[in-house]
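> Next comes the sequence, and after it the predicted model I'd like to discuss.
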Amino acid sequence: MFNFKLTVEYNGKNFSGSQVQNRDQEAQGLRTVQGDLEKALSVYFRVSETILTNFSGRTDSGVHAIGQVVNFKISESQLTNTSDDFLQLIETNPDKFLIGLNGILDDDLAAVKVERVAEDFNARFDAKSREYMYKIFTRRHKPVLRLDSLAWVKEPLDFEAMELHAKKFLGKQDFRDYSKQEDYQNNTECEVYESELIKESKICFKYRIKADRFLRHMVRRIVGELIEVGKLAAVGEVYDSDNFAILDKAGDQLLKIQTQKSAPAEGLSLMKVEYS
């Protein structure tokens, strides 16, 4: 059995998420990254069976990736003389393999790195950490460029208040309140290693978060809360750094800032998956 680790990047705008939830999705005309990739691999290796893939994690519809990691296996029984030649190419000339595979894939999905790994390697279960980046563009008037790769907030945002609030998410915590309802019965504890807001310019912020695992919609709900903090602080509400909360104008009552509103998907990208 041959096992390969593949790093892919994609623009999530036209995908209904990264992974196939059920095989009827194709019949409904819904694209997934996994569906496109598996078809391309089967065509490339000229095998009649679908080459199945394991993803490091699921990204939602509209979410992008720069460093999504996938592994796929091919058994000797699947190989023909031609596909065996292609298989050897991965180890002798990986760039040529990538060029050939990318020639089959559509322009919004690309394979950027490949390597042979141990037969028991699993892209999902062997991952030690994952890192996401969220881009926020804040200006009164709507931007017209890169609309599918950033989120537009027309209200002013207080960067310092958001920067401070981002520290709230560090460490091992129960992120139940930041997950989808169906996650509530599962383990909702995650350990966040890094959580920081970066100012690229006066109107462009980036939020970076790295953790051992993420719940569904967790990052987008964290960003939604950060944006709400930024809006309140920008209009003169007082920020309590000890409680990571906004005080009312009298300074003696905490305002509820946690929100179940998710930030838009288009601002989010999976940047990196790390393994030991």
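Here it is on my side, so go on. Residues are numbered from 1 along each chain as shown.
> from the middle of its chain, how far away would the single longest helix found in the chain be?
Taking DSSP state H as the criterion, the chain has its longest helix at helix 218-234. Remark: helix 218-234 is offset 18 Å from the chain centroid, using Cα atoms, centre = their mean, to the nearest Å.
> Repeat that for stretch 110-120.
With Cα atoms, centre = their mean as the basis, stretch 110-120 stands 19 Å off its chain's centre.
> average pLDDT across that stretch?
Summarised as a single mean, pLDDT over stretch 110-120 is 96.
> what comes up buried for it?
111, 114, 117 (16 or more other Cβ atoms under 10 Å). Just so you know, the C-beta spots here come from the backbone N, C-alpha and C atoms, and that holds for glycine as well.
> Take those residues and keep only those in strands.
Counting by DSSP state E, the buried residues of stretch 110-120 place 111, 114 in strands.
> domains for this structure, by residue range?
2-116, 128-275 (automatic domain parsing).
> so can I have CSV of these showing distance to residue 122?
Putting these into CSV (distance: least, Cβ to Cβ, whole Å) gives the following:
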stretch, distance to residue 122
domain 2-116, 6
domain 128-275, 10
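> Okay, now the unreliable bits of the chain?
22-28, 79-84, 181-185, 248-260 (pLDDT under 70).
> Next up, the contacts around the closest residue to residue 106 other than its chain neighbours.
Leaving aside its chain neighbours, residue 106 sits nearest to residue 36 (6.6 Å; criterion: Cβ to Cβ, 6 or more residues apart in numbering). With contact taken as Cβ atoms under 8 Å, 6 or more residues apart in numbering, residue 36 is in contact with 15, 105, 106, 109.
> Separate out the buried members of these.
Buried among the contacts of residue 36 (16+ other Cβ under 10 Å): 15, 105, 109.
> Which ones among these map onto helices?
With helices taken from DSSP H, there is no overlap with the buried ones among the contacts of residue 36.
> And the helices in the stretch 1-150 of the chain?
Secondary structure of the stretch 1-150 of the chain by DSSP state H, counting those that start in this stretch: the helices cover 33-45, 81-92, 94-102.
> Residue 175 is nearest to which of these?
helix 33-45 (24.7 Å; Cβ to Cβ).
> could you check the angle helix 94-102 makes with the closest one?
If you take axes from the mean of the first three to the mean of the last three Cα atoms, to 10 degrees, helix 33-45 sits at 110 degrees to helix 94-102.
> out of everything not next to it in sequence, what's closest to residue 74?
Per Cβ to Cβ, 6+ apart, closest to residue 74 is residue 2, 4.8 Å.
> For the one you found, give its distance to residue 50.
According to Cβ to Cβ, to the nearest Å, residue 2 stands 16 Å off from residue 50.
> Comparing the two, which shows the higher neighbour count?
Neighbours were counted for residue 2 and for residue 50 using other Cβ atoms under 10 Å; residue 2 has more, 17 against 12.
> these two touch, right, the more buried one and residue 87?
Yes - taking contacts as Cβ atoms under 8 Å, residue 2 lies within contact range of residue 87: 6.2 Å.
> if I look at those two, which residues touch both of them?
residue 74.
> Leaving out chain neighbours, which residue sits closest to residue 91?
Spatial nearest neighbour of residue 91, excluding adjacent residues (Cβ to Cβ, 6+ apart): residue 116 at 5.9 Å.
> Show me what that neighbour is bridged to.
Residue 116 has these beta-bridge partners by DSSP bridges: residue 4.
> Run the chain-centre distance for stretch 188-199.
Distance of stretch 188-199 from its chain centroid, counting by Cα atoms, centre = their mean, is 14 Å.
> Need the winner for burial among the helices of the stretch 1-150 of the chain.
helix 33-45 (a mean of 20; mean count of other Cβ atoms under 10 Å).
> Let's see the longest helix of the chain as PDB, backbone CA atoms only.
What follows is helix 218-234 as a C-alpha-only set of coordinates in PDB (Å, rounded to 0.1, in the frame of the first residue of the first chain):
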ATOM      1  CA  MET A 218     -15.400  28.300  16.200                       C
ATOM      2  CA  VAL A 219     -13.000  30.700  14.500                       C
ATOM      3  CA  ARG A 220     -15.800  32.700  12.700                       C
ATOM      4  CA  ARG A 221     -17.700  33.100  16.000                       C
ATOM      5  CA  ILE A 222     -14.500  34.200  17.800                       C
ATOM      6  CA  VAL A 223     -14.000  36.800  15.100                       C
ATOM      7  CA  GLY A 224     -17.600  37.800  15.300                       C
ATOM      8  CA  GLU A 225     -17.100  38.600  19.000                       C
ATOM      9  CA  LEU A 226     -13.800  40.500  18.300                       C
ATOM     10  CA  ILE A 227     -15.600  42.700  15.700                       C
ATOM     11  CA  GLU A 228     -18.400  43.400  18.200                       C
ATOM     12  CA  VAL A 229     -15.800  44.400  20.800                       C
ATOM     13  CA  GLY A 230     -14.100  46.700  18.300                       C
ATOM     14  CA  LYS A 231     -17.400  48.400  17.300                       C
ATOM     15  CA  LEU A 232     -18.400  49.100  20.900                       C
ATOM     16  CA  ALA A 233     -15.000  50.400  21.900                       C
ATOM     17  CA  ALA A 234     -14.900  52.600  18.800                       C
END
